[in-house]
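Q: sequence below, structure please.
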Amino acid sequence: METINNKKPPKTGISPERAHFNAQKPKSPINLVIANSQALNIEQINIASILSNDEIATLERRKVDTAKCEYLASRFLIKQLTCQFYAFEPSELTTFFDESNARLVIKYQNNTLPLSLVISHSKGWVAVYLAMESERIGIDLEFISEKRPFLKLAKHFYHEAEIREIETAKPMSDTFFRIWTLKEALAKATALPIAKLLAPNVYKGYENNKLAAYCCQSNGFDFSLAAPVSVKQPPALIEICLNADLTGFKQTAVNRLHHVV
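A: Numbers count the residues shown, from 1 in each chain. Next up, the predicted model:
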């Protein structure tokens, strides 16, 4: 992935809210990545080179190192992907949760960049989706745990058709967690609370919202992507290995997503 670090957005005579940015257009941008944040060593990371002042304050409120590593990894990935399109330094960008739209956004100074962004994390692993298009996108990553009482949980929360699907599946756990990630991804794409999407049939939910679902398994995790039906070719889920000091990374695997809904 190539980033440009020595340019700044052009000055314009219009308001910051409508400013035009110096967007790059790489031929094949990386949109979807997954990485293990447990590879990080916080003591070795130059945090000020990655996070904005507001993000540093957010990081300091996290008391557990695993949570700090997940936050650092997600913001590093977000900014690396953003720098495919915009010529900014990582610390010049800040992530902000927009309560009005229930969306995580990226800002340069006070300007929100026109990007689609969504993240997910589980057991130290972090997944990030980012693209230039304004899309309804949702992703979810969930560790497949055989120890959880998944059938009991399904009978309590899931739709009866989903319960039947789980009971006939081999193994049942894979199907339980696949339905779970589908529901979580749908919740993020529609900006609806997950509590409202547990009982209804998730497949009908995608159909009613004109969304398609793409899924895969990676490293013992289930992953789902919700995207508009107009997206004919979903991105691959690129697995990367982060340097312990977050000075870089390398690509280690490519997971192809398959169409589910």
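Q: hmm, who's touching the strand or helix carrying residue 215?
A: Counting by DSSP states H and E, the element that carries residue 215 is strand 211-218. Applying CB atoms under 8 Å, 6 or more residues apart in numbering, the external contacts of strand 211-218 come out as 34, 136, 144, 174, 178, 181-182, 185-186, 189-190, 206, 222-229, 231, 234, 237, 239, 253, 255-261. Where C-beta positions appear, they are placed from N, C-alpha and C, glycine not excepted.
Q: make a PyMOL selection of the buried ones in the residues you listed.
A: In PyMOL syntax, the buried subset of the contacts of strand 211-218 is picked out as below (16 or more other CB atoms under 10 Å):
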select buried, resi 34+136+144+178+181+182+185+186+189+190+206+222+223+224+225+226+227+231+234+237+239+255+257+260+261
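Q: just checking, residue 228 touches residue 206?
A: No - Residue 228 lies out of contact with residue 206 (CB atoms under 8 Å); the separation is 10.7 Å.
Q: and for residue 233, the neighbour number?
A: By the criterion of other CB atoms under 10 Å, residue 233 has 7 neighbours.
Q: now do the phi/psi pair for it.
A: phi -130, psi 100 (degrees, to the nearest 10).
Q: going forward, count from 49.
A: Done: numbering now begins at 49, and the last item shifts to residue 281.
Q: next, residue 117: secondary structure please.
A: helix (DSSP: H, G, I helix; E, B strand; the rest coil).
Q: repeat for residue 176
A: strand.
Q: so what's the closest residue to it other than its chain neighbours up against?
A: In space, residue 176 comes closest to residue 125 once its chain neighbours are excluded; the distance is 4.4 Å by CB to CB, 6 or more residues apart in numbering. Shown in contact with residue 125 (CB under 8 Å, 6+ apart): 81, 83, 174, 176, 288.
Q: dump the residues you listed to a markdown table, plus distance to residue 164.
A: Compiled in a markdown table, the contacts of residue 125 are given as follows (distance: CB to CB, whole Å):
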| residue | distance to residue 164 |
| --- | --- |
| 81 | 14 |
| 83 | 19 |
| 174 | 17 |
| 176 | 11 |
| 288 | 20 |
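Q: circling back to that earlier point, in what helix or strand does the residue nearest to residue 176 lie?
A: Using DSSP H and E, residue 125 falls in helix 113-130.
Q: next helix or strand past that helix?
A: Following helix 113-130 toward the C-terminus (DSSP H and E): strand 141-146.
Q: show residues contacting that next one.
A: 100, 102-103, 123, 126-127, 130, 151-156, 160-161, 165.
Q: out of those, name the ones that lie in helices.
A: In helices, judged by DSSP state H, the following of the contacts of strand 141-146 are found: 102-103, 123, 126-127, 130.
Q: residue 211: neighbour count?
A: So residue 211, with other CB under 10 Å, has 17 neighbours.
Q: and the one 5 residues further on, by the same measure?
A: Residues contacting residue 216 under the criterion other CB under 10 Å number 9.
Q: tell me the predicted confidence for it.
A: We have a pLDDT of 95 for residue 216.
Q: number of nearby residues for residue 280?
A: What residue 280 shows, counting by other CB under 10 Å, is a neighbour count of 8.
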